[in-house]
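Chemist: Provided below are the primary sequence and the corresponding predicted coordinates.
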Amino acid sequence: MTTPFRQIELRYDPTAIDRKWQERWAADGLYRVPDDDPRPKWFEMTMYPYPSGDLHIGHWYAMAPSDCHARFRRMQGYNVLHPIGFDAFGLPAENAAISRGIHPHTWTMSNIENMRRQLKSMGAIYDWEREIICCLPEYYRWNQWLFLQLYRAGLAYRAKAPVVWCPSCQTVLANEQVVDGSCERCHTAITRRDLEQWFFRITKYADQLLDFTGLLDWPEKILTMQQNWIGRSEGAEIGFDISSHRLDVKEIRTFTTRIDTIFGVTFMVLAPEHPLVPRLTARSQHTAVAEYIAQARRTSEIERQSTDKEKTGVFLGSYAVNRLNGEQVPIFIGDYVLMSYGTGAVMGVPAHDVRDFDFARKYNLPIRQVIAPAAWDGKELAEAFVGDGFMTASARYDGMTNQEGKRAIAEDIEKKGWGSRTVSYRIRDWLISRQRYWGTPIPMIYCDACGIVPVLESALPVLLPPDAEFKPTGESPLAAHQGFVNTTCPQCGAPARRETDTMDTFVDSSWYMFRYTSPHYDQGPFDPALMQQWMPVDQYTGGAEHAVMHLLYSRFFTKALRDLGLVDFGEPFLRLYNQGIILGEDHEKMSKSRGNVVNPDLVVGQLGADATRCFMMFIGPWDQGGPWSDVGINGVARWLNRVWGVMEHDPNHLDAGAANSQTVRATQRLLHQTIRKCYQDLDRFKFNTTIAALMELTNHLSKVWAEASVDAATWRDCTRNFLLMLAPLAPHIAEEMWERAGHPYSIHQQPFPKWDEETAAEDTITLVVQVNGKVRDRIEVPAGISSGQAQELALASLKVQSYTQGKAVRQAVYVPGKLVNVVVG
RNA sequence: GCCGAAGUGGCGGAAUGGUAGACGCGCCGGUCUCAAAAACCGGUGGGGGCAACCCCGUAUCGGUUCGACUCCGAUCUUCGGCACCA
């Protein structure tokens, strides 16, 4: 079924005009970005798309406004780099191979071809000679090269760790890729596995990633999300003595942010996976503990993470000693304690922690209050007291505030060697191994004699063999490819095996901005001089869903590259702007199942690229997203159609004698006000009000044409500047009308118009007169009127007098250029 | 549960302390037409009035102010993020 989007008769042929200018611009290389341009540089990037095969209207929503903004910067006099590429590695390509027998490379490249055509139909200023495709060896060899640099710097390491496993994708996931206990891609509930995997040591940069001082303008929301994701918390690590068990390990280490509550410890809880559990389990408790662990393993991640789940646990039958008071406390295991945070063991302080309180209630453990508010009546607690107060039942610390107690106890345990102040983070190292084919091979070799050996840089790239079996087995398809696996050790020359896992695709996007500066450079990931010239990115735009993955990884990569001496700055993106999400006409998220998906090709085919671009920007504030509307886009198309009509008028028909000097003045004033408004609004991504201002100017020009009340020179000045303002929004018809008006090619090499404050200034204003804050009259007055004159005129108004009669005027407030408020009482 | 954003006509939205509803859609009326569509012109928050005009109105309640969509406090709703992080 074809939806008839077009409800209007256009005066022009949008398809022909789109094609004409796209071909001409391409042939002339109008948007080729020179590296040797004396103008100041502006690097404006939008997040590159995954080549799924078809451009979605959401891509238009992300890309048309960002192109408009980049074009505006170009007209402001910058040498603008606004590149595009494809995030071409990843699971969908491999799934297509499995389900339909198409090779991932074939599938991806043909998708790219189609999407490239669709992207070109937008008429953006992309310099296609700088296009990046991550799945090509000329790109991914530098993933491998960078991996080797990180490995040498100790930032890439291999470790056995309990990792998140997606049973459907048959691969591990990074923590960031888990949403509500499920795989973010296929929504299958995740499980855990112990596997040897490659990690990037992002945790080493946790504190630096929390420092946002190098950023010029990022949404507060993204900074908060990164902050929460990194989850820094200051506290102390302290050991509880288990030397009586006669093990080689003499203590259980715990992390706490509340060392001030240590005298309130009445039990300990270890994570079920804690390595000391088997050794601390008493014979009598063996069965119960084993059962609990088995059950914890069976519990799904979703259930286990649910906060309202009852706290459960099992006593191990053994005790640890709280060194501060010498007390023995029972040791439990409980699945509310996570092995992945802190030390995997917590000290139970039921009086001052809500979770410990629940646990103690359930297992009848003592609850001892050690922090009390100033007016404490000594009554038993009904719930955990987590606020500040005074230390009590805490030996020599009694009477201190708990903040003082925190410091004093920390200092004392450090002196005694029982523990120390530490910082704990929520963020984990970035797991980059994937058991899949369609990704960058990790350039490592396993030799029986030499161990783990990096591939020589001269041997890069490690190419993906074209002929792998794509069945999902839980192991990388490369593992079954003998020709790939079998190699020789770069150190000793003996037969050796290649690493068969591939890299997370977020590795590709962590440094692609650097590659755009020299996309064909073959001596390194980027040409140092060109990188220096263009980086960092001045403006980045994209969806907020990348807040804790791509955006954090990119910041980490840049800092790591800096420490490797490859770059001399630490932040890749100076400014960030997040566009919202375009919804279906029913105000719901667009999805095939809802049947509310809009096909941009169809719209562009009927109304043209410019109407589509402008509608994307007219829906509302770009960061808020908004609903698609078939009739709405027709409204925008109608406007462009009217613009066409206005521009077709021949100003030679205007008779200078008939012009009305007041209308001429008003028209010039409106033109300059519009230039000012457009300039300021485009600068801040306020496209919707930019278009509204241009619509008002269009309406005004229609009117004065009908009246023939302006002279030809004024008309030409208005239409010329109008087209220049329209150029970044609707580049094709602006260029066409520009040519028809006889201006020299190309409008897209012209500067943005400048406004003159004096011309834009109003001569008269409508003075609003209020009585007690209610509007009672409006008077036309000269703009420069004095406060005294304004008040005099206001009080002289008959309408005002009917409200002030017989009452005392207490006060009159004059707001220059706006209003007078008369207060009577 | 915690954190954040938002709530304005029939609809998308504008106005960030000073004329609420710019601009667009829709709707109503008109011009053109045999007729329709398109195009063009005019009107359009609600209520009252023949009219001049008047009253009400930005989720709800309260506060600050000469003046509040805008600032402050509480509540409700919607959306987004985080969620046993010791």
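Modeler: That came through, no problem. Residues are numbered from 1 along each chain as shown, chains lettered A, B, ... in the order given.
Chemist: and stretch A:642-659 with RNA strand B, contact?
Modeler: Yes. Among the residues of stretch A:642-659, A:642, A:645 lie within reach of RNA strand B under CB under 7 Å from any atom of the strand. In short, each C-beta sits where N, CA and C put it, glycine included.
Chemist: what residues of that stretch count as buried?
Modeler: Within stretch A:642-659, the residues that qualify as buried by neighbour count (16 or more other CB atoms under 10 Å) are A:642-644, A:646-647, A:651, A:654, A:659.
Chemist: and residue A:735, what helix or strand is that in?
Modeler: Residue A:735 is located in helix A:731-740, with elements delineated by DSSP states H and E.
Chemist: mind checking what helix or strand follows that helix in sequence?
Modeler: Counting by DSSP H and E, the element after helix A:731-740 in chain order, helix or strand, is helix A:757-760.
Chemist: what mean pLDDT does that next one get?
Modeler: Average pLDDT, helix A:757-760: 94.
Chemist: what residues does it touch?
Modeler: Counting by CB atoms under 8 Å, 6 or more residues apart in numbering, helix A:757-760 makes contact with A:668-669, A:671-673, A:675-676, all of which sit outside it.
Chemist: need these in a markdown table with pLDDT, secondary structure and neighbour count, can you?
Modeler: Shown next, in a markdown table, are the contacts of helix A:757-760 (pLDDT from 0 to 100; DSSP: H, G, I helix; E, B strand; the rest coil; neighbours: other CB atoms under 10 Å):
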| residue | pLDDT | secondary structure | neighbour count |
| --- | --- | --- | --- |
| A:668 | 96 | helix | 17 |
| A:669 | 95 | helix | 17 |
| A:671 | 97 | helix | 26 |
| A:672 | 97 | helix | 20 |
| A:673 | 96 | helix | 18 |
| A:675 | 97 | helix | 23 |
| A:676 | 96 | helix | 18 |
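Chemist: now, among these, which is nearest to residue A:380?
Modeler: When the contacts of helix A:757-760 are compared for distance to residue A:380 (CB to CB), residue A:676 wins out at 68.8 Å.
Chemist: the nearest residue to the closest one once chain neighbours are set aside: what's it in contact with?
Modeler: Nearest-residue entry for residue A:676: residue A:755, 4.4 Å, with adjacent residues in sequence omitted and distances by CB to CB, 6 or more residues apart in numbering. The contact partners of residue A:755, by CB under 8 Å, 6+ apart, come to A:672-673, A:675-676, A:679.
Chemist: closest to RNA strand B among these?
Modeler: Using CB to the nearest atom of the strand, the shortest approach to RNA strand B within the contacts of residue A:755 belongs to residue A:673, at 11.3 Å.
Chemist: any idea how far that closest one is from residue A:728?
Modeler: According to CB to CB, to the nearest Å, residue A:673 and residue A:728 sit 19 Å apart.
Chemist: likewise residue A:563?
Modeler: As it turns out, when the distance is counted by CB to CB, residue A:563 lies 39 Å from residue A:728.
Chemist: of these two, which one has the most company?
Modeler: When residue A:563 and residue A:728 are compared on other CB atoms under 10 Å, the one with more neighbours turns out to be residue A:728, at 28 against 15.
Chemist: give the helix, strand or coil label for the residue in the stretch 551-700 of chain A positioned nearest to RNA strand B.
Modeler: Using CB to the nearest atom of the strand, the single residue of the stretch 551-700 of chain A nearest to RNA strand B is residue A:635, 2.5 Å away. When the structure is split into helix, strand and coil by DSSP: H, G, I helix; E, B strand; the rest coil, residue A:635 lands in helix.
Chemist: and if you look at residue A:500?
Modeler: Three states are possible here, and by three-state DSSP the one that applies to residue A:500 is coil.
Chemist: for it, grab phi and psi.
Modeler: Phi and psi for residue A:500, reported as degrees, to the nearest 10, are phi -110, psi -10.
Chemist: show me where the stretch 601-750 of chain A has helices.
Modeler: Chain-ordered helices for the stretch 601-750 of chain A, with DSSP state H, counting those that start in this stretch as the definition, fall at A:630-648, A:661-683, A:687-707, A:712-726, A:731-740.
Chemist: about what we covered before: show me what the helix holding residue A:735 is packed up against.
Modeler: helix A:14-28, helix A:600-618, helix A:630-648, helix A:712-726 (3 or more CB pairs under 8 Å, 6 or more residues apart in numbering; DSSP states H and E).
Chemist: follow-up on the earlier one: can you redo the contacts of residue A:755 as TSV with distance to RNA strand B?
Modeler: Written out in TSV, the entries for the contacts of residue A:755 read as follows (distance: CB to the nearest atom of the strand, whole Å):
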residue	distance to RNA strand B
A:672	16
A:673	11
A:675	16
A:676	13
A:679	14
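Chemist: out of those, who's nearest residue A:145?
Modeler: Taking CB to CB as the measure, residue A:679 is the one of those closest to residue A:145, at 44.0 Å.
Chemist: that closest one: neighbour count?
Modeler: By the measure other CB under 10 Å, the count of residues near residue A:679 is 18.
Chemist: that one contacts residue A:724, doesn't it?
Modeler: No. When contacts are counted by CB atoms under 8 Å, residue A:679 is not listed as touching residue A:724 (10.9 Å).
Chemist: and for the two, which residues touch both?
Modeler: Joint contacts of residue A:679 and residue A:724 (CB under 8 Å, 6+ apart) are A:752-753.
Chemist: ok, now which ones touch residue A:392?
Modeler: Listed by CB under 8 Å, 6+ apart, the contact set of residue A:392 reads A:369-372, A:376, A:398.
Chemist: in PyMOL, select just the buried ones from these.
Modeler: Buried members of the contacts of residue A:392, identified by 16+ other CB under 10 Å, are gathered into one PyMOL selection as follows:
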select buried, chain A and resi 369+370+371+372
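Chemist: the contacts of residue A:392 in strands, which ones?
Modeler: Members of the contacts of residue A:392 lying in strands (criterion: DSSP state E): A:371-372.
Chemist: got CSV for the contacts of residue A:392, with pLDDT too?
Modeler: Below are the contacts of residue A:392 laid out as CSV (pLDDT from 0 to 100):
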residue, pLDDT
A:369, 94
A:370, 94
A:371, 93
A:372, 90
A:376, 79
A:398, 94
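Chemist: among the contacts of residue A:392, which ones lie close to RNA strand B?
Modeler: Within these, nothing lies near RNA strand B by CB under 7 Å from any atom of the strand.
Chemist: tell me the residues on the stretch 351-500 of chain A that lie near RNA strand B, please.
Modeler: Taking CB under 7 Å from any atom of the strand as the criterion, the contact residues of the stretch 351-500 of chain A with RNA strand B come out as A:353, A:355, A:424, A:426.
Chemist: revised request: answer the last question for the stretch 151-300 of chain A.
Modeler: Proximity of the stretch 151-300 of chain A to RNA strand B is assessed by CB under 7 Å from any atom of the strand, with A:179, A:220-221, A:224-225, A:228-229, A:231, A:233, A:235, A:255-258, A:271 identified as the residues in range.
Chemist: looking at these, which is nearest residue A:202?
Modeler: residue A:229 (10.7 Å).
Chemist: can you pull the contacts of the closest one?
Modeler: With CB under 8 Å, 6+ apart, residue A:229 has these contacts: A:176, A:426-427, A:547-548, A:552.
Chemist: now the strands for the stretch 301-450 of chain A?
Modeler: When secondary structure is read from DSSP state E, counting those that start in this stretch, the stretch 301-450 of chain A shows strands at A:314-322, A:327-333, A:345-348, A:371-372, A:390-391, A:419-424, A:430-431, A:433-434, A:444-447.
Chemist: tell me the helices and strands packed up against the second one.
Modeler: Spelled out, it's strand A:327-333. Using 3+ CB pairs under 8 Å, 6+ apart as the contact definition, the elements that strand A:327-333 packs against are strand A:267-270, helix A:286-298, strand A:314-322.
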